[in-house]
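Undergrad: prediction below, plus the sequence it came from.
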Amino acid sequence: MKIAPFRVFGVAVPALLVLAGGARFTRPVPAQNQEMQERVAEVKQSMAQNKQALAQYTWVEQVTISLKGEQKKQEHFQVRLGPDGKPLKTSLDPPPAPPEHEGRLKKHVIEKKTEEYKDYADQIKALIQQYVPPEKDLIEQARAKGNIMMGPAAGATGEYRLVLSNYVKQGDNMTLVVDKAQKDLASLSIATYLDDPKDAVNVTVQFARVPSGPNHVTAETINGVSKQLTIAIQNSNYQHL
């Protein structure tokens, strides 16, 4: 039986190679078969169970925003999931100190630059919320359209990959690395963009399991390539409500 070529569109190819860290990329096989359907069903069920279990927890989120390698902002939140499954965040940081006295022109320049990178960061965060955590309905849509490939995870015998194309946007790409035994997400990587494919956004996410509890995002790094803006998110201190 002939194996169809691996299909990756638009910005996905260079971004995926970057996310792979230069490692040799093992070509997945077309995943329209019984094994793929079983794997997709496992992942969907696992994510639904984890989302339900996480609703019983609260945790601390640290968000660090850096521009061209320089830290611009760091925030801390207490987080829990709301009735709609979306995160509800309460700031843990003290109120900001009053700004020091500065000249009117300098103050205007600083405010303009701050507002510019803040707007860009907000756009990126809103975009990535459509990907993380993955939605079971969108995964099923990708499977039905033939936009999923399956293959082994590089260097990990106990894991496999599901590679989804056109998940949210035409030309995007998301790779799920799944633990075979636990049927949990071990990591995922995303290659997408804002309004223009040239405005690439790359993401890596690591998962971990709460002892005797659900699987969750433990670390997430979002890179807005064009403006060299990085958002690093760390989740910790999971407590049952």
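TA: Now that the structure is in, tell me what you want to look at.

Undergrad: which parts of the chain are strands?
TA: Per DSSP state E, the chain carries strands over the ranges 29-30, 57-67, 70-81, 87-91, 148-152, 159-165, 173-179, 185-193, 200-209, 215-224, 229-240.

Undergrad: what would the ones you listed look like in JSON lines with distance to Pro134, mean pLDDT and mean neighbour count?
TA: C-beta: built from backbone N, CA, C; applies to glycine. As requested, these are exported to JSON lines (distance: least, C-beta to C-beta, whole Å; pLDDT from 0 to 100; neighbours: other C-beta atoms under 10 Å):
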{"stretch": "strand 29-30", "distance to Pro134": "20", "mean pLDDT": "50", "mean neighbour count": "17"}
{"stretch": "strand 57-67", "distance to Pro134": "19", "mean pLDDT": "96", "mean neighbour count": "17"}
{"stretch": "strand 70-81", "distance to Pro134": "16", "mean pLDDT": "94", "mean neighbour count": "14"}
{"stretch": "strand 87-91", "distance to Pro134": "15", "mean pLDDT": "94", "mean neighbour count": "12"}
{"stretch": "strand 148-152", "distance to Pro134": "12", "mean pLDDT": "90", "mean neighbour count": "20"}
{"stretch": "strand 159-165", "distance to Pro134": "8", "mean pLDDT": "94", "mean neighbour count": "23"}
{"stretch": "strand 173-179", "distance to Pro134": "7", "mean pLDDT": "95", "mean neighbour count": "23"}
{"stretch": "strand 185-193", "distance to Pro134": "7", "mean pLDDT": "96", "mean neighbour count": "24"}
{"stretch": "strand 200-209", "distance to Pro134": "10", "mean pLDDT": "96", "mean neighbour count": "20"}
{"stretch": "strand 215-224", "distance to Pro134": "11", "mean pLDDT": "96", "mean neighbour count": "20"}
{"stretch": "strand 229-240", "distance to Pro134": "16", "mean pLDDT": "96", "mean neighbour count": "16"}
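
Undergrad: what's the residue nearest the centre of the chain in contact with, if anything?
TA: Centroid check for the chain by C-alpha atoms, centre = their mean gives Val132 as the closest residue, at 4.6 Å. By C-beta atoms under 8 Å, 6 or more residues apart in numbering, the residues touching Val132 are 188, 190, 203, 205, 217, 220.

Undergrad: let's see 6 Å
TA: Counting by C-beta atoms under 6 Å, 6 or more residues apart in numbering, Val132 makes contact with Val205.

Undergrad: can you check Thr218 too?
TA: By C-beta under 6 Å, 6+ apart, the contact list for Thr218 reads 206, 208, 235.

Undergrad: try it again at 8 Å.
TA: With C-beta under 8 Å, 6+ apart, Thr218 has these contacts: 206-208, 234-236.

Undergrad: of these, closest to Val40?
TA: Nearest to Val40 among these, counting by C-beta to C-beta, is Phe207 at 17.6 Å.

Undergrad: quick check: beta-bridge partners of the closest one?
TA: Beta bridges link Phe207 to Val217, judged by DSSP bridges.
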